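Participant: Could you look at this predicted model? Sequence included:
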Amino acid sequence: MRVDPARIPPSFGLRLPVEPGTWLRSGVADVLWLGPDEWLVIGDLDIPRSEDVAVTDVSALRTTLLVAGPGARDLLAHGCSLDLHPSVVGPGRCAQTMLARAQVVLVAREDDEFWVLVRASFARYLADWLTDAAVDY
């Protein structure tokens, strides 16, 4: 979804995170900040059309992999150049990055749990890479 946050219609019923690299729960959807005027909305939500809001359905584009547990950060850091320390990428944070040469969006959830949003065409490759790399963690 692309929109100027100042021009979002009041009837929209969707809160947008405005701090870079953050996400929040808004009703039945998770909303991720991807850029100054770009958000990824995850959930079963009918977003009303408006001349001020551009909405593109990309639901078939990505697959979600769940990486969780005490070694989750170390595992992800093995294939990612981001500083994944909890003080930098803690709950409520998200980031677009490369993980094992695949473009992903990392979503930090609670208790060392991450959603890894990856293009469907790379999902098998990344799942295999994570499985193989997890042996060390």
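Facilitator: In hand now; what should we look at? Numbering: from 1, shown residues only.
Participant: contacting residues around Asp52?
Facilitator: Taking CB atoms under 8 Å, 6 or more residues apart in numbering, we find Asp52 in contact with 3-4, 7-9. Every C-beta, even on glycine, is put in place using the N, C-alpha and C of the backbone.
Participant: Taking those residues, please make a ChimeraX selection of just the buried ones.
Facilitator: Of the contacts of Asp52, the buried ones go into a single ChimeraX selection, burial set by 16 or more other CB atoms under 10 Å:
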select :3,8
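Participant: State the distance from the closest residue in space to Tyr137 that isn't next to it in sequence to His78.
Facilitator: In space, Tyr137 comes closest to Gly71 once its chain neighbours are excluded; the distance is 3.5 Å by CB to CB, 6 or more residues apart in numbering. Note on Gly71: its distance to His78, by CB to CB, to the nearest Å, is 10 Å.
Participant: cool, and Ile42?
Facilitator: From Ile42 to His78 the distance is 25 Å (CB to CB).
Participant: Give me the more crowded residue out of the two.
Facilitator: Remark: of Ile42 and His78, Ile42 carries more neighbours, 19 against 16, as counted by other CB atoms under 10 Å.
Participant: Next, the buried residues of the helix or strand hosting Tyr125.
Facilitator: With elements taken from DSSP states H and E, the one containing Tyr125 is helix 123-134. For helix 123-134, a neighbour-count test (16+ other CB under 10 Å) marks 123, 126, 129-130 as buried.
Participant: Just put those in CSV and tack on pLDDT and distance to Asp112.
Facilitator: Putting those into CSV (pLDDT from 0 to 100; distance: CB to CB, whole Å) gives the following:
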residue, pLDDT, distance to Asp112
Ala123, 98, 22
Leu126, 98, 19
Trp129, 98, 19
Leu130, 98, 15
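Participant: What score does Thr56 have for pLDDT?
Facilitator: For Thr56, the model assigns a pLDDT of 89.
Participant: and it, what does it touch?
Facilitator: Each residue near Thr56 by CB under 8 Å, 6+ apart is listed here: Met1.
Participant: Please enumerate the helices of the protein.
Facilitator: All helices of the chain, identified by DSSP state H, fall at 72-78, 123-134.
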